[in-house]
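Trainee: I would like the atomic coordinates for the input below:
(one chain, ligands or ions: 2)
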Amino acid sequence: MPATIREFEAVARDRLDPAHYDYFAGGAGDEVTVRANEAAFARLALLPRVLRGAGSPEIGVTLLGSRAEMPVLVAPTAFHRLADPEGEKATARAVAAAGTIMIVSMAATVAVEDVAAAAPGATLWFQLYVQPDMAFTEAIVRRAEAAGCAALVVTVDSPARGRRDREVRRGFDDLPEGMRCENLRDDGGESVRPIVMSPAISWEHVDALRRMTRLPLVLKGVTHPADARLALEHGVSAVYVSNHGGRQLDTVPATVDLLPDIVAAVRGAVPVLVDGGIRRGTDVVKALALGASAVAVGRPVVWGLAADGECGVARVLGLLRDEVEHALTLCGLASSHDLEPGLVRRC
Ligand SMILES: Cc1cc2nc3c(=O)[nH]c(=O)nc-3n(C[C@H](O)[C@H](O)[C@H](O)COP(=O)(O)O)c2cc1C
Ligand SMILES: CC(C)CC(=O)C(=O)O
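Mentor: Ligands and ions are numbered 1, 2, ... in the order given. As a prediction, the model looks like this:
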C-alpha cells in the first residue's frame with residue numbers, strides 16, 4: 001500500500017500504458033514549470049508556534065456555497081477512463097466519501113450527468129473551455145447546470161493547447177476506441193465535437209457567461225495580478241491561480257510564488273484558489289497561510305485512480321486530509337482558518 005502521493009505515482013506508472021503515463025505526468029516544453037511548482041514548496045519553510053493548547057484542528061471550508069470537509073479540491077483533469085475503467089465515476093464516488101469538491105473536466109470520458117448519477121452525494125463543479133460557437137458553449141453549460149454542478153470553472157490559460165513533447169514522442173493524439181469526451185456530444189446526438197482552444201477568447205466571453213448562467217464563475221489559470229483585478233471587474237466569484245500544472249506555457253513561475261501578489265490584488269473580495277505541485281499536507285498548509293482559501297490537486301488524483309480506482313483516490317484524499325490535520329496540529333493551530341503568512345519563511 002503506497003504511503004505517500006509520490007509512492008502512488010510510482011505504482012500508477014507501473015500500471016499505466018507508458019503513453020498514458022506520459023500524457024498524465026508531462027508538461028509543456030522543457031517542463032521547467034512542472035518542476036518549479038513542486039520545488040517552490042520545498043523552498044518554503046514552516047515556523048510553528050508551541051504550547052498553544054489548540055486541540056484537534058478543524059479543516060473544513062465553505063466555498064461559493066459548497067461545503068468541503070477539507071481544503072483540498074479535485075482539480076479538473078481529462079480522460080479518467082485512461083486510468084481506470086470506471087473513470088470519472090470512480091473519482092466522484094471517492095470525492096463524495098471524502099466530502100470534498102470535484103471539478104469535472106469538460107474533457108471527461110464519462111458524461112457529467114453520469115458522473116452525478118454515480119455519486120449522488122458528491123459536490124460537483126464543472127470546468128469549461130469556452131468554445132467559439134457560443135450556442136454550443138451554452139448547451140454545455142445547461143447540461144452542467146441540469147446535472148447539479150454548483151459552480152462553473154472557466155479555464156483561461158489555454159488560448160492554444162500546450163506543446164507537450166512527451167505526447168508528440170509517444171504519438172498520443174487521440175483517445176482509444178470506445179472512449180471519447182462525453183460532454184462534447186453535439187445537441188444530444190451521437191457525434192462528439194473536438195475541443196477548440198481559441199486565441200480569440202476574451203473578457204467579452206466571460207461577460208457572456210456571466211449573463212448566461214446564475215452559477216458562480218471561477219476563473220482558472222490566472223497568474224498576473226492585473227488579470228486578477230480585471231476578473232473582479234468582470235464579476236467573477238473566485239480567482240483560481242494555476243499554470244495548468246506546467247502543461248500550457250512553460251517557464252511560468254511556480255503558482256505558490258505567484259499566490260501572494262494575487263491575494264494582494266484581490267484584497268479579500270473573493271476566494272482565491274490555487275493548484276500546482278501540491279503533494280503533501282505541508283504544501284496545503286503553506287498555500288493557505290499565503291492566502292489561498294483552498295487548494296486543488298490534479299495528478300495526485302490520477303495516480304490514485306490508476307493505482308487502485310475509487311479506493312486509490314479515496315486513499316490519496318485521505319492521506320492529504322490526515323497530513324493537513326497533522327501539520328496544523330504541529331503548527332499549534334486550532335483551525336486552517338487561523339493560518340497566516342507569518343508561519344511561512346523563504347529559505
Ligand atoms: C492529465 C491532466 C489533465 C488535465 N486536464 C485539464 C482539463 O481538462 N481542464 C483544466 O482546466 N485543467 C486540466 N488540467 C490541469 C489541472 O486542472 C491542474 O491545473 C493541474 O493538474 C495542477 O497541477 P498538479 O497536477 O501538479 O496538481 C489537467 C492536468 C493534468 C495533469
Ligand atoms: C483534453 C485536454 C485539453 C485536457 C487538458 O487540459 C490537459 O491535458 O491539460
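
Trainee: spell out which parts of this protein neighbour ligand 1.
Mentor: When proximity is defined by C-beta under 6 Å from any ligand atom, the chain lies next to ligand 1 at 24, 37, 75-78, 105, 107, 127, 155, 220, 242, 244-245, 247, 275-278, 297-299, 302. Bear in mind the C-beta positions are built from the backbone N, C-alpha and C, glycine included.

Trainee: chain neighbours aside, what residue packs nearest to G342?
Mentor: L47 (7.5 Å; C-beta to C-beta, 6 or more residues apart in numbering).

Trainee: first-to-last residue distance for stretch 7-21?
Mentor: Distance across stretch 7-21, first residue to last, is 14 Å (C-alpha to C-alpha, to the nearest Å).

Trainee: before we move on, the earlier item: wait, the residue nearest to G342 sits on C347?
Mentor: No. With contacts counted by C-beta atoms under 8 Å, L47 stays clear of C347, the gap being 10.0 Å.

Trainee: overlap in contacts of those two?
Mentor: Common contacts of L47 and C347 (C-beta atoms under 8 Å, 6 or more residues apart in numbering): none found.

Trainee: for A54, which non-adjacent residue is spatially closest?
Mentor: A334 (4.1 Å).

Trainee: how about E69?
Mentor: Per C-beta to C-beta, 6+ apart, closest to E69 is G99, 3.4 Å.

Trainee: give the contact list for the one you found.
Mentor: So G99 contacts R67, A68, E69, M70 (C-beta under 8 Å, 6+ apart).

Trainee: quick one: the third one from ligand 1, how far?
Mentor: As defined by C-beta to the nearest ligand atom, to the nearest Å, E69 lies at a distance of 19 Å from ligand 1.

Trainee: relative to A294, how far out is that residue?
Mentor: 11 Å (C-beta to C-beta, to the nearest Å).

Trainee: more crowded one of those two?
Mentor: Ranked by neighbour count (other C-beta atoms under 10 Å), E69 and A294 place A294 first, with 25 against 15.

Trainee: hmm, the more buried one is touching R67, no?
Mentor: No. Using C-beta under 8 Å, A294 makes no contact with R67, being 11.4 Å away.

Trainee: shared neighbours, those two?
Mentor: Joint contacts of A294 and R67 (C-beta under 8 Å, 6+ apart) are V61.

Trainee: for the residue in the stretch 201-347 of the chain that ligand 1 sits nearest to, give me its contacts.
Mentor: Residue nearest to ligand 1 within the stretch 201-347 of the chain (C-beta to the nearest ligand atom): G298, separated by 2.1 Å. G298 makes contacts with A75, P76, T77, G245, D275, as judged by C-beta under 8 Å, 6+ apart.

Trainee: make a ChimeraX selection of the buried ones in the contacts of G99.
Mentor: In ChimeraX, this line selects whichever of the contacts of G99 come out buried by 16 or more other C-beta atoms under 10 Å:
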select :68,70
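
Trainee: whatever residue of the stretch 101-250 of the chain ends up closest to ligand 2: neighbouring residues, count only.
Mentor: Closest to ligand 2 within the stretch 101-250 of the chain is A107: 3.8 Å, counting by C-beta to the nearest ligand atom. A107 is flanked by 19 other residues according to other C-beta under 10 Å.
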